[in-house]
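Enquirer: need coordinates for the following:
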Amino acid sequence: MSELISRFKQEYMRTKKSLGQHFLTNQHFIEEIASAADVAGDLPVVEIGPGCGVLTKALAARTKRLTAVEIDDNAAVFLAANKEEFFPQLAIIHEDVLKVDIGRIYDEPVTIIGNLPYNLSVKIVDHCSKSIYNIRKMVFMFQKEVAMRIAASPGSKDYSSLSVFCNYHYEIKKLRDISGGNFWPNANVYSTVLVFTPKEALLEKNDEEGFFKLVYDAFRQKRKTLYNNLRASQGDLPDILSYLGFSESVRAEELSIEDFISIYKKINEFS
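Expert: Residues are numbered from 1 along each chain as shown. So this is what the prediction gives:
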């Protein structure tokens, strides 16, 4: 167990279950995650939910520009108290990350990294993606089941509107799975670390909201066909689906991002 975790444990005795706090204890994995951020020199990094700072310390050895966003009072105080010894260049934003404009922390593309609280991980990815124009890379740890949904391909049981959203915006690479015994306190689930690299947008910015609404509607009830899921919001679609080469029995989980874009564009032509 690292010195930072030992100090935190001595001072506070426990982490906060309500915030999903589990601190990674395996130093090899900590270094691997920090290396995946691929930063050095003056490249800026924002760490979400640093807790007691074990990953923060590894990042501080790699970059001179490091900001931590931490909502927890205990963790924020602890980071400040140990800043001079372990990460003197660290700037601390004591705030809920969902209320922080990530894109305005630095005036150049930033790397975002964090062991995300499982109950908020999807919301945090969505929030960060609003600043995608100012993101260089993201390295996040998720509950394994959520990571599988994020990285899923068409035709798999985990493929969903979340998969389409994330794979539309990012190239996604799995770094590794981590068992619960590598945390303090032990986690009762597996975690997965994913690396996100922004892609060039396939649609104009003003089309994306409508496109993602279409995708969300298409997956509304997975047992239903695409036609039945979209009929409520889009009206009759058989001519459009037939024109594009899809049967009326096709389901959303069978379609690629490019398929959804074709349907979206054709619907707009008829509207």
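Enquirer: tell me the secondary structure for the residue at the greatest distance from the centre of the chain?
Expert: No residue in the chain has its C-alpha farther from the mean C-alpha position than residue 239, which lies at 37.0 Å (CA atoms, centre = their mean). When the structure is reduced to helix, strand and coil (DSSP: H, G, I helix; E, B strand; the rest coil), residue 239 reads as helix.
Enquirer: residue contacts, it?
Expert: Going by CB atoms under 8 Å, 6 or more residues apart in numbering, residue 239 touches no other residue. Using the backbone N, CA and C atoms, a C-beta is placed for each residue, glycine as well.
Enquirer: next: residue 139.
Expert: Taking CB under 8 Å, 6+ apart as the test, what residue 139 contacts is 33, 36-37, 111-114, 175, 193-196.
Enquirer: identify the residue nearest it in space, chain neighbours excluded?
Expert: In space, not counting the residues next to it along the chain, residue 139 is nearest to residue 113; the distance is 4.5 Å by CB to CB, 6 or more residues apart in numbering.
Enquirer: give the other helices and strands that the helix or strand where the one you found lies contacts.
Expert: Mapping residue 113 onto the secondary structure by DSSP states H and E places it in strand 110-115. Contacts of strand 110-115 with other secondary structure elements, assessed using 3 or more CB pairs under 8 Å, 6 or more residues apart in numbering; DSSP states H and E, are made with strand 45-48, helix 54-60, strand 135-143.
Enquirer: let me see the ranges of the strands in the stretch 1-150 of the chain.
Expert: 23-24, 45-48, 66-69, 90-93, 110-115, 135-143 (DSSP state E, counting those that start in this stretch).
Enquirer: adding mean pLDDT and distance to residue 257, write the ones you listed out as a markdown table.
Expert: What follows is those, written out as a markdown table (pLDDT from 0 to 100; distance: least, CB to CB, whole Å):
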| stretch | mean pLDDT | distance to residue 257 |
| --- | --- | --- |
| strand 23-24 | 96 | 33 |
| strand 45-48 | 98 | 26 |
| strand 66-69 | 98 | 30 |
| strand 90-93 | 98 | 34 |
| strand 110-115 | 97 | 23 |
| strand 135-143 | 98 | 19 |
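Enquirer: could you dump the ones you listed to a markdown table with distance to residue 77?
Expert: Rendered in a markdown table, the data for the strands of the stretch 1-150 of the chain read as follows (distance: least, CB to CB, whole Å):
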| stretch | distance to residue 77 |
| --- | --- |
| strand 23-24 | 16 |
| strand 45-48 | 17 |
| strand 66-69 | 13 |
| strand 90-93 | 10 |
| strand 110-115 | 19 |
| strand 135-143 | 24 |
